[in-house]
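Visitor: only geometry, no sequence info:
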């Protein structure tokens, strides 16, 4: 079983920071997904998610800014396995100019009303519809606790 930590940042306009994957990954190439990735053996999910976000985007968040949205099993056809995924969210005042694309084709803030029209990864397709309808998503747009 593989373990993954993923995060979405939400700005004051409700846009979500998403990654457009390129053709190279084994899982869901050329789809839009969450920032994050494989957790190391024995790594705490929150610490691993913070590490993955920094590696992929150059964004260094304090763990206390992340809200655990859900932990769930996900099936990855590429591995033929049921894996574990931790999904976190945080509010931010960052813009596209603050993001370094360390992996994939691009990592940008996407307007909330366009997110579900994208060709999403399997995990993002499972998680984002419920997240966008959640109270947490709406609170993150208006919180003063921002990264």
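Guide: Here it is on my side, so go on. Because the structure is predicted, anything quoted here is derived from the model rather than measured.

Visitor: Could you check how far the residue nearest to residue 116 when sequence neighbours are not counted is from residue 103?
Guide: Of all residues not flanking residue 116 in the chain, residue 129 sits nearest, at 6.2 Å (CB to CB, 6 or more residues apart in numbering). Yep, even glycine has a C-beta here, placed from its N, CA and C like the rest. Going from residue 129 to residue 103 by CB to CB, to the nearest Å gives 24 Å.

Visitor: buried stuff in the helix or strand residue 127 falls within?
Guide: Following DSSP states H and E, one finds residue 127 within helix 122-132. Buried positions in helix 122-132, judged by neighbour count with 16 or more other CB atoms under 10 Å: 122-128, 131-132.

Visitor: Return the member of those nearest to residue 52.
Guide: Within the buried residues of helix 122-132, the smallest distance to residue 52 is 13.3 Å, found for residue 123 (CB to CB).

Visitor: what sits against the residue lying closest to the closest one once chain neighbours are set aside?
Guide: Closest residue in space to residue 123, ignoring its immediate chain neighbours: residue 74 at 5.2 Å, by CB to CB, 6+ apart. Going by CB atoms under 8 Å, 6 or more residues apart in numbering, residue 74 touches 4, 82-85, 122-123, 126.

Visitor: in its sheet, what does the strand or helix carrying residue 74 sit against?
Guide: Here residue 74, judged by DSSP H and E, is contained in strand 67-76. Applying DSSP bridges, strand 67-76 is found paired with strand 81-91 (antiparallel).

Visitor: immediately after the partner strand, which helix or strand?
Guide: Past strand 81-91, the next helix or strand by DSSP H and E is strand 106-110.

Visitor: So for that next one, mean pLDDT?
Guide: Mean pLDDT, strand 106-110: 98.

Visitor: Next, the buried residues of the next helix or strand after that strand.
Guide: As assigned by DSSP H and E, the chain's next helix or strand after strand 106-110 is helix 112-115. Neighbour counts using 16+ other CB under 10 Å place 112, 115 of helix 112-115 among the buried residues.
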